[in-house]
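> Build me a model:
(4 chains)
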2 protein chains.
Amino acid sequence: MAPDKIQQTVDRMARECVGNQLRLANRVVTGIYDRELRPLKLTASQLVILALTAKQGQVRPVELGKTLHMDASTVSRNVERMRARGWLAQVPGDDERSRPFQLTAVGKQILGDASVAWERAQAKTVALVGSEGVALLRSMSKNLMKGLHPD
Amino acid sequence: MAPDKIQQTVDRMARECVGNQLRLANRVVTGIYDRELRPLKLTASQLVILALTAKQGQVRPVELGKTLHMDASTVSRNVERMRARGWLAQVPGDDERSRPFQLTAVGKQILGDASVAWERAQAKTVALVGSEGVALLRSMSKNLMKGLHPD
DNA sequence: ATGCAAAGGTTGTATATACATCCACCAGCG
DNA sequence: CGCTGGTGGATGTATATACAACCTTTGCAT
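Residues are numbered from 1 along each chain as shown, chains lettered A, B, ... in the order given. This is a model prediction of the structure:
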């Protein structure tokens, strides 16, 4: 390719790349939640697992992976850390392959504390991204969930 | 807190958390770029460093960290991997503390190849998030950059 | 019944990321 | 001139994440 053509594309990459913008926003925003949750030794990534598990009562890694568009091995490893902290416990599943888990009593306790911290982080974030930002992110994440699930 | 109050908050966390939505979108979209770039053994996170370095000619980790809202140590480590691949090289700085770097010839070559892959990923992503998504993410990332820089 | 493909998980490996700590160097002040 | 605080990096540690390879267990089709 011609050098100026490349230079032009480089400019566009630096200014227009949706992926970069998203990763930047993600770093900033996830940092807000993580700092609020730090005293609980909990992270934003873990909190969503806690919340969804509470909601469903009992879940398997592969289910959460589909919901969150996350590799199942990633979910399993996050669950493992939380299991080590005593927040989650495996329960017997009807299928010998699957390893469903649920909240422990301690896990429920933590979730209660976390919900307070979450409210603070959420408020800060909403203030930062504005109401159009909130609306767009909601519809975007809804679309992404639909559009990419092969099931 | 009362159990139902918590339950209510849990629902909101699962459905309204801006951080979760952002992380979800980030996983999906970053995956699009990463898969396009994989044949080049390059990632989206590395590409932005390559592009900004090309644009500026010569940069220091701390500078990129400020631009990208990223910890300087993270930048340094990413740069280190790219240095190991022969894409970046350190240059002497006027200050004995700083370690500026620039593209190598190989780095420029890779950037040219990457710009083609990037166009494909960008097109796919734009199709996925829609034009309002693109517009909002641009303005959001601009705001985030402004609003949080103490300098 | 058998044998094979699909499903669910685990483990190995690599990258990305933040925070805390520490070290080297520099700049300005007494 | 010599501290002293601040800047820029490097390193240790922990989490999050994806992909590939592999192992069990199921479900099915012949």
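
> Could I get the full set of strands for chain A?
With DSSP state E, the ranges of strands along chain A come out as A:88-90, A:101-103.

> any chance of the ones you listed in JSON lines, plus mean pLDDT?
Formatted as JSON lines, the strands of chain A follow (pLDDT from 0 to 100):
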{"stretch": "strand A:88-90", "mean pLDDT": "97"}
{"stretch": "strand A:101-103", "mean pLDDT": "98"}
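
> Within range of DNA strand D, give me the residues from chain A.
With C-beta under 7 Å from any atom of the strand as the criterion, chain A comes near DNA strand D at residues A:43, A:45-46, A:69-71, A:73-74, A:77-78, A:81, A:95-97. (Glycine included, C-beta is placed from N, CA and C.)

> Tell me how many other residues crowd A:Ile32.
20 (other C-beta atoms under 10 Å in any protein chain shown).

> ditto for A:Arg35
A:Arg35 sits with 14 neighbouring residues when counted by other C-beta under 10 Å.

> dump the residue contacts of the closest residue to it other than its chain neighbours.
Leaving aside its sequence neighbours, A:Arg35 sits nearest to A:Ala121 (C-beta to C-beta, 6 or more residues apart in numbering or on different chains; 7.8 Å). A:Ala121 makes contact with A:Ile32, A:Tyr33, A:Arg35, A:Glu36, A:Leu37, A:Ala44, B:Gly19 under the criterion C-beta atoms under 8 Å, 6 or more residues apart in numbering or on different chains.

> how close does the fifth one get to B:Leu128?
From A:Leu37 over to B:Leu128 the distance is 30 Å, taken as C-beta to C-beta, to the nearest Å.

> between the two, who's got more neighbours?
Applying other C-beta under 10 Å to A:Leu37 and B:Leu128 shows that A:Leu37 carries more neighbours, namely 22 against 18.

> ok, how many other residues are close to the closest residue to the more buried one other than its chain neighbours?
In space, and not counting its chain neighbours, A:Leu37 is closest to A:Ala117: 5.3 Å by C-beta to C-beta, 6+ apart. Residues lying near A:Ala117 (other C-beta under 10 Å) number 18.

> quick one: A:Ala117 and A:Leu40 touch, right?
Yes - counting by C-beta atoms under 8 Å, a contact exists between A:Ala117 and A:Leu40, whose distance comes to 6.4 Å.

> Now do the same contact list for the residue of chain A found nearest DNA strand D.
Nearest residue of chain A to DNA strand D (C-beta to the nearest atom of the strand) works out as A:Glu96 at 2.6 Å. Listed by C-beta under 8 Å, 6+ apart, the contact set of A:Glu96 is empty.
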